[in-house]
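>>> Sequence plus predicted model, see below.
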Amino acid sequence: QTLFVRYCLYSYGGNTRQIAKLVQQETGGDLCEIEIATPYTGSYNDVVEQGQREVNSGFTPKLKPVSADLKNYDTVILGTPVWWYTYAPAMRTLLQSSDFSGKVIYPFATNGGWLGHTFADIAEACPTATVKAGLNIRFNEDRLVTPEAEILRWIKGISEK
């Protein structure tokens, strides 16, 4: 059984959600969105500045309750937007508050700039899991830049394991 956990940022376009839905459609796995308890507010620049402060300080926002129990899954596909060259603060909360021991994790990250050290950070946060090669998915605002065929190849590689 596979669980898809993803985080959709204070969404100006829903890019991570779009990819997670594609992954779910192609694999038939379960989809679980994590959401922060207190949504981001303000202008885009306000949110960017807040996000930078949160990443730099290691902030872990409170999450709304998650419907899925990770104990029921051997494989977890984690999707996160890239915030200041790493995973979003909500993903930090999930990684720190969940037990991924013995699980296989396939990460993907959506971004409009640079992936940074996102996948290395996920591997470091989950030392008792097997973190497989991730997929860097580029967007130009809400327009997908990474060819969909590349995303589908990555998904197929997971499905065949």
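That came through, no problem.
>>> Tell me how many other residues surround P81.
By the measure other CB atoms under 10 Å, the count of residues near P81 is 26. Placement of C-beta: from N, CA and C, glycine included.
>>> any chance you could read off phi and psi for it?
Phi and psi for P81, reported as degrees, to the nearest 10, are phi -70, psi 160.
>>> just K103 next, same as before
Torsion angles, degrees, to the nearest 10, at K103: phi -90, psi 160.
>>> Please tell me the pLDDT value assigned to the residue lying closest to it once chain neighbours are set aside.
In space, and not counting its chain neighbours, K103 is closest to A129: 4.7 Å by CB to CB, 6 or more residues apart in numbering. Note on A129: pLDDT of 97.
>>> so how far is G112 from A129?
28 Å (CB to CB, to the nearest Å).
>>> The two: which is more packed in?
Neighbours were counted for A129 and for G112 using other CB under 10 Å; A129 has more, 18 against 15.
>>> Report the contact partners of the more buried one.
Residues counted as contacts of A129 (CB atoms under 8 Å, 6 or more residues apart in numbering) are 76, 100-105.
>>> hang on, R17 packs against E33?
Yes. With contacts counted by CB atoms under 8 Å, R17 reaches E33, the gap being 7.1 Å.
>>> Would you state the strands of the chain in chain order?
2-7, 30-34, 75-83, 86-87, 104-111, 130-131, 135-140, 143-144 (DSSP state E).
>>> which one of those has the lowest average pLDDT?
Minimum mean pLDDT among the strands of the chain: strand 2-7, a mean of 54.
>>> can I assume N15 is in contact with T110?
Yes. In this structure N15 lies within contact range of T110 using CB under 8 Å: 4.4 Å.
>>> between these two, what contacts are shared?
81, 137, 139.
>>> From C32, how far off is N15?
Taking CB to CB, one finds N15 at 18 Å from C32.
>>> Just want to know which of these two has more residues nearby.
N15 (23 against 19).
>>> State the pLDDT value of that one.
The predicted local confidence for N15 is 91.
>>> quick one: contacts for it?
81, 110, 137, 139, 142, 144.
>>> could you flag which of those residues are buried?
For these, a burial check counting by 16 or more other CB atoms under 10 Å picks out 81, 110, 137, 139, 144.
>>> Would you mind putting these into a markdown table with distance to E124 alongside?
Rendered in a markdown table, the data for the buried ones among the contacts of N15 read as follows (distance: CB to CB, whole Å):
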| residue | distance to E124 |
| --- | --- |
| P81 | 19 |
| T110 | 20 |
| I137 | 21 |
| F139 | 25 |
| L144 | 28 |
